[in-house]
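Asker: sequence and predicted structure are below.
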Amino acid sequence: MTAKIIDGKAIAEAVRQEAADETAALKKQFGTAPTLAAVLVGDNPASQTYVNSKGKACEAAGMGSVTHRLPATATQEEVEALVRALNADPAINGILVQLPLPKGLNEQAVLDLISLDKDVDGFHPMNIGQLVMKGRVPQFIPCTPAGCIELLVRSGIPIAGADAVVVGRSNIVGIPVAALLNNADATVTICHSRTRNLPDIVRRADIVVAAIGRAEFVRGDWIKPGAAVIDVGINRIEDPSKKSGFRLVGDVCFAEAVEVAGAITPVPGGVGPMTIAMLLKNTVRGYKLQHGIGA
Ligand code: GUN
């Protein structure tokens with residue numbers, strides 16, 4: 001059997017179009033567009049690329065976008081003062097501090113400062129706390145985990161009752177995606193570097209989410225036939241046949257897993273495009289919250 005390829009690019013495009021349609025309606029009603037502020041500290045090339053892509057995506061959807069660039073030498077006080085100013089600025093509906101921050105800055109203190117109703121990354125501990133608590137509803141859900149769920153839902157893959165295995169337990173992906181799967185009534189197992197018999201546990205899963213940050217770590221013979229595989233990893237590996245000298249692979253060995261799975265996301269073109277699409281949705285949500293029209 002060869003798996004159905006989940007086309008993250010196409011699904012992200014549909015989500016971006018929905019954000020653009022909502023933006024057009026809000027502009028008509030209120031005369032202003034949802035606006036995202038990104039804060040980029042230092043000169044990490046990957047972070048610069050992400051922030052540029054986020055800005056372009058906002059503009060393509062008719063939304064506003066401002067990027068504040070601070071040097072790597074910025075002090076904790078300077079970064080915090082900027083976040084406070086953005087919290088207080090009524091023209092800003094979403095605030096995103098690109099991570100990681102340069103060494104020496106206290107990331108947690110900065111994330112804790114972001115206004116709860118502008119926390120479009122969903123990284124504030126109050127938002128994460130509400131996400132994992134029964135009966136509580138967070139203001140925002142982190143973009144990549146939300147994108148994973150959106151891919152499953154829009155591909156018609158049932159989550160309720162499914163056995164889901166999440167490989168990785170980061171604050172940005174593993175923990176929130178596990179919470180979302182749990183909230184959608186999957187039976188969730190979280191695995192990590194200390195997990196014993198990892199292949200056996202993954203083999204039980206109807207849904208596998210790989211978010212461990214290791215190239216091609218999950219092998220094809222770990223996958224239950226017919227399972228859905230969501231690969232969050234983006235890893236560079238050397239490839240002399242490419243002009244750039246490298247290619248991107250996920251945390252799953254795609255060539256093996258595609259022969260076994262029922263559905264699988266490719267890398268690139270799977271989960272990656274969903275992160276920005278969900279960010280646009282969250283920024284629209286922020287705008288609605290600030291205009292008192294609930295989201
Ligand atoms: N760094 C890696 N992923 C993310 C993300 O989703 N948001 C932010 N702010 N920083 C990141």
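Answerer: Received it, and whenever you're ready, just let me know what you need. A quick note: this is a predicted structure, and the numbers were derived from the prediction, not measured. Residues are numbered from 1 along each chain as shown.

Asker: okay, now the residue of the stretch 51-200 of the chain found nearest the ligand: neighbour count?
Answerer: Closest residue of the stretch 51-200 of the chain to the ligand, C-beta to the nearest ligand atom: residue 99 (3.7 Å). No exception for glycine: its C-beta is placed from N, CA and C like everyone else's. Neighbourhood size, residue 99 [other C-beta atoms under 10 Å]: 16.

Asker: what do you get for residue 158?
Answerer: 14.

Asker: helix/strand/coil for it?
Answerer: coil (DSSP: H, G, I helix; E, B strand; the rest coil).

Asker: quick one: buried residues of stretch 215-235?
Answerer: For stretch 215-235, burial by neighbour count (16 or more other C-beta atoms under 10 Å) applies to 215-218, 220, 222-224, 227-235.

Asker: how long is that stretch end to end?
Answerer: 6 Å (C-alpha to C-alpha, to the nearest Å).

Asker: show me what stretch 118-130 is in contact with.
Answerer: With C-beta atoms under 8 Å, 6 or more residues apart in numbering as the test, stretch 118-130 has contacts from 36, 86-87, 92-97, 99, 111-112, 114, 116, 131, 136-143, 146, 171-172, 175-176, 279, 282-283, 285-286, 290.

Asker: nearest residue to the residue nearest in space to the middle of the chain other than its sequence neighbours?
Answerer: The centroid of the chain falls nearest to residue 144 when counting by C-alpha atoms, centre = their mean (1.4 Å). Take residue 144 and drop its neighbours on the chain: the residue closest to it by C-beta to C-beta, 6 or more residues apart in numbering is residue 275, 4.7 Å away.

Asker: can I assume residue 123 sits in a strand?
Answerer: No. Looking at residue 123 with three-state DSSP, it is coil, so not inside a strand.

Asker: ok, how many other residues are close to it?
Answerer: 23.

Asker: check what pLDDT the residue nearest to the centre of the chain gets.
Answerer: pLDDT recorded at residue 144 is 98.

Asker: please apply the same query to residue 295.
Answerer: pLDDT at residue 295 comes out at 61.

Asker: what about residue 236, which helix or strand?
Answerer: Per DSSP states H and E: residue 236 is located in strand 235-238.

Asker: tell me the buried residues in the very next helix or strand once past that strand?
Answerer: Next helix or strand after strand 235-238 toward the C-terminus (DSSP H and E): strand 246-249. Neighbour counts over strand 246-249 (16+ other C-beta under 10 Å) mark 248-249 as buried.

Asker: partner strands of strand 246-249 and their direction?
Answerer: Neighbouring strands of strand 246-249 in its sheet, by DSSP bridges, are strand 235-238 (antiparallel).

Asker: any buried residues in the partner strand, and which?
Answerer: residue 235.

Asker: give the rounded mean pLDDT of that strand.
Answerer: Strand 235-238 comes out at a mean pLDDT of 95.

Asker: and what of stretch 183-197?
Answerer: 97.

Asker: which residue ranges of the protein form strands?
Answerer: Per DSSP state E, the chain carries strands over the ranges 4-5, 35-41, 64-70, 94-97, 163-167, 187-191, 207-210, 228-231, 235-238, 246-249, 263-264.
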